[in-house]
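Student: I'd like to go over a predicted model; first the sequence, then the structure.
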2 protein chains.
Amino acid sequence: MTRQRDAQRFRTVGDGSGLAASDSFYPEEIQLALRNRGMPLEALRYSLTPTGMHFLLIHFDIPEVDAGKWQLKIGGLVANPVNLTLEDIKQRPSQTLAVTMECAGNGRALMNPRPLSQPWLLEAVGTAEWTGTPLRGILEEAGIAPNAVEILFTGLDQGVQGNEVQYYQRSLSIDEATRDEMLLAYEMNGEALQPQHGYPLRLIVPGWYGMTSVKWLDRIEAIAKPFDGYQMSATYRFSQTKNDPGEPVTLIRVRALMSPPGIPDFMTRTRLVEPGPVSITGRAWAGRQQVAGVEVSTDGGSTWDQASLDVRGDEPVDGPVSPFAWRPWSFQWDARPGRYILLVRATDSQGNVQPVSQPWNFQGMGNNIAQRVEVLVE
Amino acid sequence: MTRQRDAQRFRTVGDGSGLAASDSFYPEEIQLALRNRGMPLEALRYSLTPTGMHFLLIHFDIPEVDAGKWQLKIGGLVANPVNLTLEDIKQRPSQTLAVTMECAGNGRALMNPRPLSQPWLLEAVGTAEWTGTPLRGILEEAGIAPNAVEILFTGLDQGVQGNEVQYYQRSLSIDEATRDEMLLAYEMNGEALQPQHGYPLRLIVPGWYGMTSVKWLDRIEAIAKPFDGYQMSATYRFSQTKNDPGEPVTLIRVRALMSPPGIPDFMTRTRLVEPGPVSITGRAWAGRQQVAGVEVSTDGGSTWDQASLDVRGDEPVDGPVSPFAWRPWSFQWDARPGRYILLVRATDSQGNVQPVSQPWNFQGMGNNIAQRVEVLVE
């Protein structure tokens, strides 16, 4: 692989990526793309994403928190309101859980027409081991009043969105908030949270898209009616028009991603692969469901073959490290010279399968379209 | 700050940011922006950038390295070629140095017309504490032959650029390579390098733009003539046209950045500030020089006032933590209602001052134009 390449072959983004060479992006989008951080897809090789490669979506600014002065306030419709220090929280029962987290906007930039917001392609994902105390125990001790219907989580990050000055806020039903797996996490991958991941404390809601895992928690309140703040009612909706309320975005949909094989062209990211046997590997996840199967197409989606689960290359590997973590898969491809569009799609335990063309929605939410990777074999 | 905002005020990117609302970006650029990672500018509050917020520019893919099998090869025109394991390197004398690193392409997207590559605005920077062994000791033991003129560094990351299949390679003159501060680093901020920062070993070249700090080192060779590989001769040049060889990009130019004050609008990143006294804070750096002064303009660049060095708000703080690390500065602003363009510029110890309009170059290198931040005070 030391010979010169044909200049034509790497000149533009091919439609293999799902982008068209004629697409253009707004300055607002580039500003967001440079602040928020995707996981380079070669990091699919790690069952736990190194902290500095996990995706990051930060609506406003990363707040500066003095953990010595910080307290988590538990209040609203509870019998025993309480303020807890970080030490108080660390002295409670602890639990560690590996969770695959994905941004609800992942895949947004592949929709056409493209909804205007953070322009993710497919990289807004990561899996980390979160350590914290179960939320349920805290809620039980606080004593949720019978007339409460939701738990509201407020972060310390403040900004303007939709012309409304706001702290970032999301709510969960009491049934959801009291599930076993909900955590108030103070560690990520065995270390104190980094500021950008929610230091000193964040909510972790396994199985849900990431917007619900509120970072930089300030307070938790039991409330008497469903919360209709901006991040619940104006965004994170499957809407068809600006004024369509649509349905709320909740659980992560099934998805598989591959590590693009071979080596990349710097500018176009088209892949160059040597002829011969190629192990195509990746991971798949399904929110609260399990991954039932993964299929690969090497002919642009005309035909599909089953990939092997819990294998990497020829080697069996451990399956998902938790019920909420992604699952490794592998597919052996005999690559012959030519140009290919590789696709991968997964099916979950309820029979949901990733679409090859995505139903559009106004905010670009929950796009789990099958990944396309353009490859030159030569 | 709980009232509704005027919709018009946050509708588009203002020219305050240095971007024009009419700018549009290519899909190649958005792909690169989503892979590479900028430091959110509020992270200027940290003298050492948390590892997961440090900027990242990765030309090809992050390679997978088995550190148990990896060896650093020292060869070429040396008396004593040797292969060193990571343990061998860790047993050598160690040094820890805080270094402000900046991408040579930082500011590229603010040039007009915009050179096509990773479209950085101003966020391609970070300061970390690197621990490793001085390069000079290794070169001395290897015994550089009298006819050698450069030291060539080769990484394990492979890809295609300019239609050429290549491993990432950069060279330094022997005078540069044997300076006191050059390190072969295996730790960043007190922990083993993360894969994306060059695990298991990277070169750290304090004072130079980041392209020279080769990650994932595979070999170091003394060579008989200046290296003319792709990353030396085809890119990282101050050129005026595609075929102008221009001058090589080397040392980091003086620059100050501010943490944008107030709170952001999600989409446009315009800042909303409450009237009254505002501490504008940030950091400045100057490559191999020192920062001599920092000036702030609150009227779009018509008038400039001196900021205070080694101060944050009203509080004196430590100066730069090393001769190669950024220096904190602060400016007190009495913000009255209105719309403002804030600017900041620094001057180095040789009298170089940041420009307010940047001389253009073909590759968009070394743009140290003064930062502009659009602010609404109300």
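Tutor: Okay, I see it. Residues are numbered from 1 along each chain as shown, chains lettered A, B, ... in the order given.
Student: Would you confirm that residue A:370 contacts residue A:355?
Tutor: Yes: at 6.9 Å, residue A:370 and residue A:355 qualify as touching, with contact defined as C-beta atoms under 8 Å. Using the backbone N, CA and C atoms, a C-beta is placed for each residue, glycine as well.
Student: For residue A:52, the count of nearby residues, please.
Tutor: 23 (other C-beta atoms under 10 Å in any protein chain shown).
Student: and it, what are its phi and psi?
Tutor: Residue A:52 adopts backbone torsions of phi -70, psi 0, taken as degrees, to the nearest 10.
Student: and the closest residue to it other than its chain neighbours, what is it in contact with?
Tutor: Leaving aside its sequence neighbours, residue A:52 sits nearest to residue B:52 (C-beta to C-beta, 6 or more residues apart in numbering or on different chains; 3.8 Å). Residues in contact with residue B:52, defined by C-beta atoms under 8 Å, 6 or more residues apart in numbering or on different chains, are A:51-52, A:54, A:56, A:194, A:196-197.
Student: which of the residues you listed lies closest to chain B?
Tutor: Ranked by distance to chain B (C-beta to the nearest C-beta), the contacts of residue B:52 are led by residue A:52 at 3.8 Å.
Student: Distance of that closest one relative to residue A:185?
Tutor: Going from residue A:52 to residue A:185 by C-beta to C-beta, to the nearest Å gives 17 Å.
Student: Repeat that for residue A:226.
Tutor: 25 Å.
Student: So for the two, which residue has more residues nearby?
Tutor: residue A:185 (29 against 13).
Student: what sits against the closest residue to that one other than its chain neighbours?
Tutor: Residue nearest to residue A:185 in three dimensions, not counting chain neighbours: residue A:132, with 3.5 Å by C-beta to C-beta, 6+ apart. Residues near residue A:132 by C-beta under 8 Å, 6+ apart: A:89, A:94-95, A:183-187, A:201, A:204.
Student: Most neighbours among those residues, which one?
Tutor: Within the contacts of residue A:132, neighbour counts (other C-beta under 10 Å) peak at residue A:185, which reaches 29 neighbours.
Student: Please name every helix or strand in contact with the host helix or strand of that one.
Tutor: Per DSSP states H and E, residue A:185 falls inside strand A:183-188. Under the contact criterion of 3 or more C-beta pairs under 8 Å, 6 or more residues apart in numbering or on different chains; DSSP states H and E, strand A:183-188 touches helix A:86-90, strand A:95-102, strand A:125-134, helix A:135-142, strand A:202-204.
Student: picking up where we left off before, what's the separation between the residue nearest to residue A:52 and residue A:216?
Tutor: 15 Å.
Student: try residue A:374
Tutor: 39 Å.
Student: go on, residue A:131?
Tutor: For residue A:131 relative to residue A:216 (C-beta to C-beta), the value is 17 Å.
Student: returning to what we had before: mind giving me TSV with the contacts of residue B:52 and columns for secondary structure?
Tutor: Formatted as TSV, these follow (DSSP: H, G, I helix; E, B strand; the rest coil):
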residue	secondary structure
A:51	helix
A:52	helix
A:54	coil
A:56	strand
A:194	coil
A:196	helix
A:197	helix
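Student: Now pLDDT too, for the residues you listed, in JSON lines please.
Tutor: Listed next are these as JSON lines, based on pLDDT from 0 to 100:
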{"residue": "A:51", "pLDDT": "95"}
{"residue": "A:52", "pLDDT": "95"}
{"residue": "A:54", "pLDDT": "98"}
{"residue": "A:56", "pLDDT": "97"}
{"residue": "A:194", "pLDDT": "97"}
{"residue": "A:196", "pLDDT": "98"}
{"residue": "A:197", "pLDDT": "98"}
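Student: between those, which is nearest residue B:170?
Tutor: Taking C-beta to C-beta as the measure, residue B:170 sits nearest to residue A:52 out of the contacts of residue B:52, at 22.8 Å.
Student: Okay, and the beta partners of the closest residue to residue A:289 other than its chain neighbours?
Tutor: Leaving out its chain neighbours, the residue that sits closest to residue A:289 by C-beta to C-beta, 6+ apart is residue A:348, at 4.0 Å. Residue A:348 forms beta bridges with residue A:291, as assigned by DSSP bridges.
Student: Pull the number of nearby residues for residue A:348.
Tutor: The number of residues near residue A:348, taken as other C-beta under 10 Å, comes to 22.
Student: these two touch, right, it and residue A:285?
Tutor: No: Residue A:348 lies out of contact with residue A:285 (C-beta under 8 Å); the separation is 9.0 Å.
Student: what's the spacing between the nearest residue to residue A:242 once chain neighbours are set aside and residue A:103?
Tutor: Leaving aside its sequence neighbours, residue A:242 sits nearest to residue A:362 (C-beta to C-beta, 6+ apart; 6.5 Å). With distances taken as C-beta to C-beta, residue A:362 is found 17 Å from residue A:103.
Student: and the two? which has more neighbours close in?
Tutor: residue A:103 (23 against 17).
Student: Any residues of the stretch 201-350 of chain A in contact with chain B? List them.
Tutor: Within the stretch 201-350 of chain A, the positions adjacent to chain B are A:260, A:263-269, A:272 by C-beta under 8 Å from any C-beta of the partner chain.
Student: biggest separation within those residues, which pair?
Tutor: A:260 and A:267 (14.7 Å).
Student: Count the residues that sit near residue A:303.
Tutor: 10.
Student: just to revisit the earlier point, out of the contacts of residue B:52, which one sits closest to residue A:109?
Tutor: residue A:56 (16.6 Å).
Student: so what's the residue nearest to residue A:185 bridging to?
Tutor: For residue A:132, the beta-bridge partners are residue A:95, residue A:185 (DSSP bridges).
Student: I appreciate the help and will end here.
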